[in-house]
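In: Okay, sequence plus prediction incoming.
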Amino acid sequence: MNEGQNAKSYYAYIFGNPCDPMSYYKTSIKPEFGVGNILCAIYATGAGTHPDKFSEELEGYIADALMSGISQPQTGETVVFMRY
């Protein structure tokens with residue numbers, strides 16, 4: 001396994017299917033949002049411009065965030081960020 005292969009980064013949601021890694025672009029800025037009706041960003045594994053293939057858990061968090069308007073998960077490390 002290459003060093004950094006499983007490192008997490010912030011990825012801004014740009015457009016398209018929210019469960020498609022190609023809809024996100026790596027950013028160096030940590031999101032500071034928590035509640036809203038717009039998907040803002042995710043914190044996911046990846047070493048390139050786009051994150052790695054999403055786990056079922058991350059896809060579930062994305063779905064929960066889109067339905068509730070609240071960043072997910074609500075306890076522990078936030079991995080899906082929402083905003084107004």
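Out: On my side now, so go ahead. Numbers count the residues shown, from 1 in each chain.
In: all helices of the protein, in order?
Out: Using DSSP state H, the helices of the chain run over 56-68.
In: Which other helices and strands does the longest strand seen in it contact?
Out: Looking across the chain with DSSP state E, the single longest strand is strand 38-45. Packed against strand 38-45 by the contact rule (3 or more C-beta pairs under 8 Å, 6 or more residues apart in numbering; DSSP states H and E) you find strand 8-13, strand 24-27, helix 56-68, strand 80-83. Any C-beta I mention is one placed from the backbone N, CA and C, and that applies to glycine too.
In: Residues contacting the first one, please?
Out: Going back to what we said before, that points to strand 8-13. Here strand 8-13 makes contact (C-beta atoms under 8 Å, 6 or more residues apart in numbering) with 21, 23-31, 39-46, 50-51.
In: Recalculate using a threshold of 7 Å.
Out: Contact with strand 8-13 is made by 23-27, 29-31, 39-46, 51, as judged by C-beta atoms under 7 Å, 6 or more residues apart in numbering.
In: Now do the longest strand of the chain, average pLDDT.
Out: Mean pLDDT, strand 38-45: 97.
In: again, but for stretch 65-74
Out: For stretch 65-74, mean pLDDT rounds to 96.
In: Any chance you could give me it in CSV, C-alpha atoms only?
Out: What follows is stretch 65-74, C-alpha atoms only, in CSV (Å, rounded to 0.1, in the frame of the first residue of the first chain):
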residue,chain,number,x,y,z
ALA,A,65,-27.5,14.7,5.2
LEU,A,66,-29.6,15.4,2.1
MET,A,67,-32.8,14.2,3.8
SER,A,68,-32.2,16.0,7.1
GLY,A,69,-30.3,19.1,6.1
ILE,A,70,-27.8,18.4,8.9
SER,A,71,-24.1,17.5,8.5
GLN,A,72,-23.4,13.8,9.2
PRO,A,73,-22.8,11.9,11.3
GLN,A,74,-24.3,13.9,14.1
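In: Give me the distance from it to the chain's centre.
Out: With C-alpha atoms, centre = their mean, to the nearest Å as the basis, stretch 65-74 stands 11 Å off its chain's centre.
In: coming back round to it: can you select the buried ones from the contacts of strand 8-13 in ChimeraX?
Out: To isolate the buried ones among those in ChimeraX, judged by 16 or more other C-beta atoms under 10 Å, type:
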select :23,24,31,39,40,41,42,43,44,45,46,51
